[in-house]
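> Any chance you can model this:
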Amino acid sequence: MKTSEMTPQQLAEACSVALNRNDHTAQSMGITIEEVAPGYAKLSMVLRKDMLNGHAMGHGGMMFTLCDTAFAHSCNTYNRSTVASGCNIEFIAPAFEGDTLTAIAKERSRSGRTGVYDITLYNQKDEELAFFRGKAYQIKGTLIPED
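Take a look at the predicted model:
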């Protein structure tokens, strides 16, 4: 299907598939794309033993990576190659081995070549674990060829 014939939802889903195709980090971590829409993404993963820190809690870098991946999927839903220009995270509760972590990314602002996205990280009990904010910047290129 030509990109010009796609609905915004179809375009968002196609972009997410294209982005994930070459994301070997997300694949190795077992990150699953649950849902995408324009400016929105919901991704999850199960916290494995090899993702724990020395305190037997979820390693902050692993939790950050899940949030960062949800951020990438949400800001790339318009078929404009977009990367992070900055991001930060606030951890508010720990995660543990076997927890199913879910990162929900929502677009807060998108103007010109920049955007701001908020990502909340939850466990399987819907408890908030972290708040992540990403700043996005559009670069040259697209995820899928335009017609």
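
> surely residue 45 meets residue 33?
No: Residue 45 is not in contact with residue 33 according to C-beta atoms under 8 Å; the separation is 10.6 Å. Yep, even glycine has a C-beta here, placed from its N, CA and C like the rest.

> what helices or strands is the longest helix anywhere in the chain leaning on?
Counting by DSSP state H, the longest helix found in the chain is helix 60-75. In this structure, helix 60-75 packs against helix 8-21, helix 24-29, strand 32-37, strand 40-46, strand 82-91, strand 100-111, strand 114-122, strand 128-138, with contacts taken as 3 or more C-beta pairs under 8 Å, 6 or more residues apart in numbering; DSSP states H and E.

> for the ones you listed, which one sits closest to residue 64?
Checking the helices and strands packed on helix 60-75 against residue 64 by C-beta to C-beta gives strand 82-91 as the closest, at 5.3 Å.

> and that closest one with helix 60-75, angle?
For strand 82-91 against helix 60-75, the angle by axes from the mean of the first three to the mean of the last three C-alpha atoms, to 10 degrees is 140 degrees.

> So what are the sheet partners of strand 82-91 and their directions?
strand 128-138 (antiparallel) (DSSP bridges).

> Could I have the CA atoms of the strand it pairs with written out in PDB?
Below are the C-alpha coordinates for strand 128-138, written out as PDB (Å, rounded to 0.1, in the frame of the first residue of the first chain):
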ATOM      1  CA  GLU A 128       4.300   3.500  38.500                       C
ATOM      2  CA  LEU A 129       8.000   2.800  38.500                       C
ATOM      3  CA  ALA A 130       9.500   5.600  36.600                       C
ATOM      4  CA  PHE A 131       8.900   8.800  34.600                       C
ATOM      5  CA  PHE A 132      10.900   9.400  31.500                       C
ATOM      6  CA  ARG A 133      10.800  12.600  29.300                       C
ATOM      7  CA  GLY A 134      12.300  12.500  25.800                       C
ATOM      8  CA  LYS A 135      13.000  15.400  23.500                       C
ATOM      9  CA  ALA A 136      12.900  14.400  19.800                       C
ATOM     10  CA  TYR A 137      14.500  15.800  16.700                       C
ATOM     11  CA  GLN A 138      13.700  15.000  13.100                       C
END
